[in-house]
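Colleague: need a structure here:
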Amino acid sequence: VHLVESGGDLVQPGGSLGLSCVASGFTFSWYVMSWYRQATGKERELVASIEGDGESTDYVDSVKGRFTISRDNAKNTVYLQMNSLKLADTAVYFCQAYRGGLWGLSYWGQGTQVTVSS
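Modeller: Presented below is the predicted three-dimensional model:
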């Protein structure tokens, strides 16, 4: 199983950035895909999630209206479009694949750094 994030960069406040996470080694559409982030000295927090069929999404309040999660099951890829970035969005962003119920499976990527700074 592999999850490989990309797209992290240095961006100015108010700017935009798009992250991608390419998955392999499992049936992508069976899994809820999520983006988490972890800032220095803070706990990892859930940013956004999307169901396997892409029909349902959820966001932490601090990013609602600014971030959009999407997925392309044909490409085994989940995306996070981040607009109106703030200093507080600076963190390492991680991709997670999760299948609950009887399976309880969770896979993580290695993370990609997003730095918002002027």
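
Colleague: neighbours around the residue nearest to T115 when sequence neighbours are not counted, how many?
Modeller: Spatial nearest neighbour of T115, excluding adjacent residues (CB to CB, 6 or more residues apart in numbering): L10 at 4.7 Å. From N, CA and C alone the C-beta is placed, and that goes for glycine too. Neighbours of L10 under the rule other CB atoms under 10 Å: 12.

Colleague: same thing with V1?
Modeller: Applying other CB under 10 Å, we find 10 residues neighbouring V1.

Colleague: burial measure for the closest residue to Y36 other than its chain neighbours, as a count.
Modeller: Leaving out its chain neighbours, the residue that sits closest to Y36 by CB to CB, 6+ apart is F94, at 4.6 Å. Using other CB under 10 Å, the number of residues around F94 comes to 21.

Colleague: Kindly confirm whether my reading is correct that F94 touches L19.
Modeller: No. Counting by CB atoms under 8 Å, L19 is not a contact partner of F94; they are 10.0 Å apart.
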